[in-house]
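**Student:** Prediction below, plus the sequence it came from.
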Amino acid sequence: MKELSDNSKIFNAGIIGCGAIHTIHADALMSNPNIKLSAVADVDCGKARESAGRYNCRYYTGYEGILNDDSIKCIHICTPHYLHAEMAIAAMEHGKHVLVEKPMAITTSDAGRMIEISKASGKNLGICYQNRYNTSSVKIKEIIEAGIYGNVLGARAFVTWNRDEAYYTKSGWRGTWSKEGGGVLINQAIHTLDLLQWFLGDISKLKAKVDTTLLKNIIEVEDTAQASLTFSNGATALFYATNCYCTNSPIIIEIVLESAVLRLEDNLTIKYPDGRAEVCEELDKTTGIKAYWGSSHKTLINDFYSKLGDGLPFPVDGLQGIKALELLEAIYRSDREGEYVVF
């Protein structure tokens, strides 16, 4: 990793937001010798103090404090969705590079502003679609791009997870259009939407339906969604996502090629027409109640800093991050209008 322009050998980083996901970021930073976690910030003083004690760093109770800390060069944003755009833009305007948890914003217009500020400021903007870094995802991408099994004919993707009433009511922001920006689509299934378009390419049209089933009187947003998608290359895909299952089961993505079927469910299985099957095991599996988040946050974070040190563009930037937002906004529009949305 190359040095920063000020010849410092260490990237000083800060994290805004000390909720559950911030520990994934903090642990990754602590394990990288080229990064120093210098400070955390949260409006909840107790959370900020606890995190600072755990990671031996400073803490702020307002994000303005961490933005005005000139020693910090990179900011990780791990706050509720509706704060992502505001904080990312402010951080870049304060001369910080930014890595934002998904979704990058709750609207494509806000996401567009983030991209503009990144270009104008010259600061890197990265988005946490960590499942692109899973070894199985990388293998699928390589197989499709190489064309070794022919063209893509179609795909299907299923997200069947569980989010109960308490998950929404105790948060103070989830389950609302103004703060979460949606339901299962923007919070849970956005990773799968991102992978679908990353694997199969640009979408030409879709028709979709969303609904609130088990949590009808609890949340404003959807807990279930389905869509039929047609891609520019002619492939079609079926997509289904729900937070109404009894547990958090592994995501299933199946891609049909002319001479093989790729099935991702924990591991990648390649099925051939003659009945043979080849299993490619995921190399970096996680365990525990949050294993279904994916295991590659650390890989993505390390790559963000590696690219920054080498002066190279980060592959999951704002222009990549906005694509899944464009897709889910089209799903909502199709549901409202009852028609196909053409891209």
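**Tutor:** Happy to help now that I have it. Numbering: from 1, shown residues only.

**Student:** Could I get the average pLDDT for stretch 17-37?
**Tutor:** Averaged across stretch 17-37, pLDDT comes to 96.

**Student:** Which stretches in the stretch 1-150 of the chain count as helices?
**Tutor:** Assigned by DSSP state H, counting those that start in this stretch, the helices in the stretch 1-150 of the chain fall at 22-30, 45-55, 63-67, 84-93, 108-121, 135-146.

**Student:** will you turn those into CSV that also has distance to residue 337 and mean neighbour count?
**Tutor:** Every residue, glycine included, has its C-beta placed from N, CA and C. Listed next are the helices of the stretch 1-150 of the chain as CSV, based on distance: least, CB to CB, whole Å; neighbours: other CB atoms under 10 Å:
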stretch, distance to residue 337, mean neighbour count
helix 22-30, 38, 20
helix 45-55, 42, 17
helix 63-67, 38, 19
helix 84-93, 26, 22
helix 108-121, 17, 17
helix 135-146, 32, 16
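
**Student:** Now distance to residue 335 too, for those helices, in TSV please.
**Tutor:** Listed next are the helices of the stretch 1-150 of the chain as TSV, based on distance: least, CB to CB, whole Å:
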stretch	distance to residue 335
helix 22-30	32
helix 45-55	36
helix 63-67	34
helix 84-93	24
helix 108-121	17
helix 135-146	28
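
**Student:** Among the ones you listed, single out whichever gets nearest to residue 15.
**Tutor:** helix 22-30 (5.3 Å; CB to CB).

**Student:** What is the closest one packed up against?
**Tutor:** strand 11-16, strand 35-41, helix 45-55, strand 74-77, helix 297-310 (3 or more CB pairs under 8 Å, 6 or more residues apart in numbering; DSSP states H and E).

**Student:** can you rerun that using 6 Å?
**Tutor:** strand 11-16, strand 35-41, helix 297-310 (3 or more CB pairs under 6 Å, 6 or more residues apart in numbering; DSSP states H and E).

**Student:** what pairs with the first one, and is each one parallel or antiparallel?
**Tutor:** Looking at strand 11-16 with DSSP bridges, its partner strands are strand 35-41 (parallel), strand 74-77 (parallel).

**Student:** Tell me which of those strands is the most buried.
**Tutor:** Greatest average neighbour count among the strands paired with strand 11-16 goes to strand 74-77 (a mean of 26), per mean count of other CB atoms under 10 Å.

**Student:** And for that one, what's in contact with it?
**Tutor:** For strand 74-77, the surrounding residues in contact (CB atoms under 6 Å, 6 or more residues apart in numbering) are 11, 13-16, 25, 84, 87-88, 91, 96-100.

**Student:** can you tell which of the helices of the stretch 1-150 of the chain is closest to residue 341?
**Tutor:** Closest approach to residue 341 among those (CB to CB): helix 108-121, 13.2 Å.
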